[in-house]
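[1] Structural data only, the sequence is not supplied:
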């Protein structure tokens with residue numbers, strides 16, 4: 001497991017890139033608890049909006065050339081209901097992420113819902129309640 005301080009440092013480094021500065025950024029899955037939220041703040045990372053997580057099931061489309069090592073920045077995430085690719089060739093290449101079994105998703109959601117009251121206290125002024133389990137144009 002990667003230490004929280006290392007995560008915060010990596011996130012700070014990535015968010016300092018020009019594309020994030022110009023276009024903005026979204027963090028998904030971090031912070032998961034109060035300690036991580038305080039760490040982000042200590043690194044000068046203050047989101048303008050924070051949303052509450054919901055159950056979303058995804059498939060990944062590996063990017064890059066065939067046979068290349070999967071790089072998270074080269075993937076496209078598809079929602080099983082609201083953002084399914086129409087191209088049959090893309091559909092054939094879709095894979096379920098290894099860490100997203102139904103049990104693992106349930107466990108992560110339970111942990112998240114237990115930690116949410118602490119996160120709410122930290123981010124209450126910027127918290128937005130958004131139902132992400134709908135078409136992306138509506139989100």
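    Cool, the structure landed. From a predicted model like this one, the values you see are computed outputs, not experimental measurements. Numbers count the residues shown, from 1 in each chain.

[2] how far out from the middle of the chain is the helix or strand containing residue 13?
    Per DSSP states H and E: residue 13 is located in helix 4-15. In terms of Cα atoms, centre = their mean, to the nearest Å, the centre of helix 4-15 is set 14 Å apart from its chain centre.

[3] That one packs against which elements?
    Where contact means 3 or more Cβ pairs under 8 Å, 6 or more residues apart in numbering; DSSP states H and E, helix 4-15 is packed against helix 34-42. The C-beta positions use only the backbone N, C-alpha and C, and glycine is treated the same way.

[4] Which residues does the helix it packs on contact?
    4-5, 7-8, 11, 30-31, 46, 115, 118-119, 121-123 (Cβ atoms under 8 Å, 6 or more residues apart in numbering).

[5] If we use 6 Å, what do you get?
    Helix 34-42 is contacted from outside by 4, 8, 31, 118, 119, 122, using Cβ atoms under 6 Å, 6 or more residues apart in numbering.

[6] now the residues you listed in JSON lines, with distance to residue 81 and neighbour count?
    Formatted as JSON lines, these follow (distance: Cβ to Cβ, whole Å; neighbours: other Cβ atoms under 10 Å):
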{"residue": "4", "distance to residue 81": "33", "neighbour count": "17"}
{"residue": "8", "distance to residue 81": "33", "neighbour count": "23"}
{"residue": "31", "distance to residue 81": "27", "neighbour count": "25"}
{"residue": "118", "distance to residue 81": "31", "neighbour count": "15"}
{"residue": "119", "distance to residue 81": "27", "neighbour count": "20"}
{"residue": "122", "distance to residue 81": "31", "neighbour count": "17"}
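
[7] so can I have JSON lines of those showing pLDDT?
    Putting the contacts of helix 34-42 into JSON lines (pLDDT from 0 to 100) gives the following:
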{"residue": "4", "pLDDT": "90"}
{"residue": "8", "pLDDT": "91"}
{"residue": "31", "pLDDT": "88"}
{"residue": "118", "pLDDT": "87"}
{"residue": "119", "pLDDT": "84"}
{"residue": "122", "pLDDT": "87"}
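
[8] would you list the residues you listed in JSON lines and tack on distance to residue 25?
    Formatted as JSON lines, the contacts of helix 34-42 follow (distance: Cβ to Cβ, whole Å):
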{"residue": "4", "distance to residue 25": "19"}
{"residue": "8", "distance to residue 25": "14"}
{"residue": "31", "distance to residue 25": "14"}
{"residue": "118", "distance to residue 25": "23"}
{"residue": "119", "distance to residue 25": "18"}
{"residue": "122", "distance to residue 25": "18"}
